[in-house]
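Engineer: okay, here's the prediction I keep looking at, along with the sequence it came from:
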Amino acid sequence: MIGTQFTIVAVGWEVYKITQSTAAVGMVGAWALVPTVVMGLYGGALADQHDRRKIALVATVVQWVSVIGLALQAYLGLNQVLVLYVLIAVHAGAGSVNAPARSAMLPRLVPAEHLAAANALRAITGTVAVLIGPMLAALTVTQLGYGPTYTIDAISFTAALYVTWRLPAMVPEKSDDAGPTVTGWRSVAQGLSFLATRKNIRMSLVTDMCAMVLAQPRVVFPAVGAIWIGGGETTAAMLVVFVAVGAATASVLSGPLAKVRRQGRAVVVSVWAWGAAVAGFGVVLLAVGRGERPTLVVWALVLSCVTLAMAGASDTVSMVFRNTIMQEASPDDLRGRLQGVFIVVVTGGPRIGDMFTGFNSWLFGEGWAVVIGGLACVLVLFLLNNRQRGLWHYDSRQPQP
């Protein structure tokens with residue numbers, strides 16, 4: 001995951017070096033989004049039909065080859081943006097096949113009583129990667145160049161290949177809930193049909209959509225540095241870092257989460273806490289006011305970092321239990337497809353949230369947009385939770401999908 005951060009950072013920088021266009025850098029995400037969504041759904045179906053270890057191996061090989069391609073184009077000095085777009089699209093698509101297979105394997109590798117702890121460990125892995133990966137990538141790009149940076153990621157993939165090779169076979173175990181065996185996109189539809197009838201798993205995904213769509217603050221960070229708190233790009237970067245700091249802190253201190261029985265309740269409360277923290281960040285912005293900031297408003301930056309760290313911690317707790325509920329309450333031969341849907345939600349939700357917050361910022365200003373989003377998250381989830389109480393009463397000792 002740290003190696004992948006190297007590639008994500010380096011591709012964006014290399015595109016900008018070639019084009020001098022922020023819009024061209026933004027297109028990297030657009031090229032990655034479609035294969036992420038399509039292959040996330042289809043990859044989940046594959047993970048429910050074939051040996052998940054083999055799928056993970058093949059997908060890792062494809063990612064490995066795409067990173068080698070990125071390294072080669074850098075060493076050759078091609079300077080072709082389309083080559084970068086195509087290679088990152090392949091990388092993203094293969095990653096979306098890889099992730100459901102790996103997630104679906106976890107309940108077969110870990111006893112049920114340790115599943116929450118295992119998901120917390122995965123959260124630590126992801127958070128640490130996001131914290132240190134971009135910083136190390138920036139160092140290698142500036143000191144060594146793009147080719148060596150991609151090469152480091154390629155080396156990390158050889159380690160992932162070796163570890164995956166050592167895993168046992170993971171053929172899905174047939175269950176009655178999965179229905180008759182079908183293949184291809186009919187298998188995807190079958191997984192979606194199962195999700196439509198399993199209110200607790202569905203509700204866990206809806207809670208995440210509430211958080212990511214209604215209360216996604218990251219799109220305002222550049223404006224916060226420019227015209228609210230001051231400090232420019234440094235402030236915007238600090239806000240991103242403190243979300244990750246909160247997530248890392250919650251991950252490291254997550255030992256007691258393994259003892260929580262009412263995991264659905266923990267998801268709902270965590271998302272409420274996310275919305276409240278985001279709204280608190282908006283209140284800080286309204287308190288400092290909007291205007292040109294040649295000097296940094298230190299107290300506002302400190303309070304903003306604290307509220308965003310709280311939001312990051314809440315998101316991590318929610319993520320741990322959402323993953324655990326989905327893995328515990330799903331039949332083994334449907335876990336891949338449900339993990340594929342989860343990837344689509346996690347990937348697409350924040351992008352829709354960026355548009356929602358951006359539109360509200362245009363209407364009401366950044367401060368009110370963040371306050372409105374945070375409060376909307378709390379209110380909408382309150383109404384949904386009152387309407388569908390199953391997730392609130394979910395018991396990990398008697399998991400019901």
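Structural biologist: Great, that's in hand. Given the structure is predicted, the values throughout are model-derived calculations rather than measurements. Numbering: from 1, shown residues only.

Engineer: quick one: Leu167 and Lys54 touch, right?
Structural biologist: No: using C-beta atoms under 8 Å, Leu167 makes no contact with Lys54, being 10.0 Å away. C-betas here are computed from N, CA, C, even on glycine.

Engineer: list the helices and strands the helix or strand where Leu384 lies packs on?
Structural biologist: Element membership for Leu384 (DSSP states H and E) is helix 366-387. Contacts defined by 3 or more C-beta pairs under 8 Å, 6 or more residues apart in numbering; DSSP states H and E place helix 366-387 against helix 199-209, helix 263-288, helix 335-364.

Engineer: contacting residues around Ala32?
Structural biologist: Ile88, Ala89, His91, Ala92 (C-beta atoms under 8 Å, 6 or more residues apart in numbering).

Engineer: from the chain's centroid, how far away is the helix or strand hosting the first one?
Structural biologist: Spelled out, it's Ile88. For Ile88, the host element (DSSP H and E) is helix 81-109. In terms of C-alpha atoms, centre = their mean, to the nearest Å, the centre of helix 81-109 is found 13 Å from the chain centre.

Engineer: which parts of it are buried?
Structural biologist: 81, 84-85, 87-108 (16 or more other C-beta atoms under 10 Å).

Engineer: and if you look at stretch 8-27?
Structural biologist: For stretch 8-27, by 16+ other C-beta under 10 Å, it's Ile8, Val9, Ala10, Val11, Gly12, Trp13, Glu14, Val15, Ala24, Val25, Met27.

Engineer: contacts for that stretch next, please.
Structural biologist: 28, 70, 74, 79-81, 84-85, 88, 133-134, 137-138, 141, 146, 149-150.

Engineer: restricted to helices, list those residues.
Structural biologist: 28, 70, 74, 81, 84-85, 88, 133-134, 137-138, 141, 146, 149-150 (DSSP state H).

Engineer: restrict those residues to the buried ones and give me that as a ChimeraX selection.
Structural biologist: Buried residues within those, by 16+ other C-beta under 10 Å, are selected in ChimeraX with:
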select :28,70,74,81,84,85,88,133,134,137,141,146,149,150
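
Engineer: ok, back up a step: need the helices and strands packed on helix 366-387 in CSV with mean pLDDT, can you?
Structural biologist: Listed next are those as CSV, based on pLDDT from 0 to 100:
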stretch, mean pLDDT
helix 199-209, 83
helix 263-288, 93
helix 335-364, 77
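
Engineer: same list, these, but as a markdown table with distance to Ser304 and mean neighbour count please.
Structural biologist: Shown next, in a markdown table, are the helices and strands packed on helix 366-387 (distance: least, C-beta to C-beta, whole Å; neighbours: other C-beta atoms under 10 Å):
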| stretch | distance to Ser304 | mean neighbour count |
| --- | --- | --- |
| helix 199-209 | 23 | 22 |
| helix 263-288 | 5 | 23 |
| helix 335-364 | 15 | 20 |
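
Engineer: center of the protein, which residue is that?
Structural biologist: Val346 (5.1 Å; C-alpha atoms, centre = their mean).

Engineer: distance of it relative to Val252?
Structural biologist: Distance of Val346 to Val252, computed by C-beta to C-beta, to the nearest Å: 22 Å.

Engineer: just Gly3 next, same as before
Structural biologist: The value you get for Gly3 to Val252, if C-beta to C-beta is used, is 22 Å.

Engineer: which one's more surrounded, these two?
Structural biologist: Legend: neighbour count by other C-beta atoms under 10 Å for Gly3 and Val252, higher for Gly3 (25 against 14).

Engineer: contact partners for the residue nearest to the more buried one when sequence neighbours are not counted?
Structural biologist: Closest residue to Gly3 apart from its sequence neighbours, by C-beta to C-beta, 6 or more residues apart in numbering: Ser156 at 3.0 Å. Listed by C-beta under 8 Å, 6+ apart, the contact set of Ser156 reads Ile2, Gly3, Thr4, Phe6.
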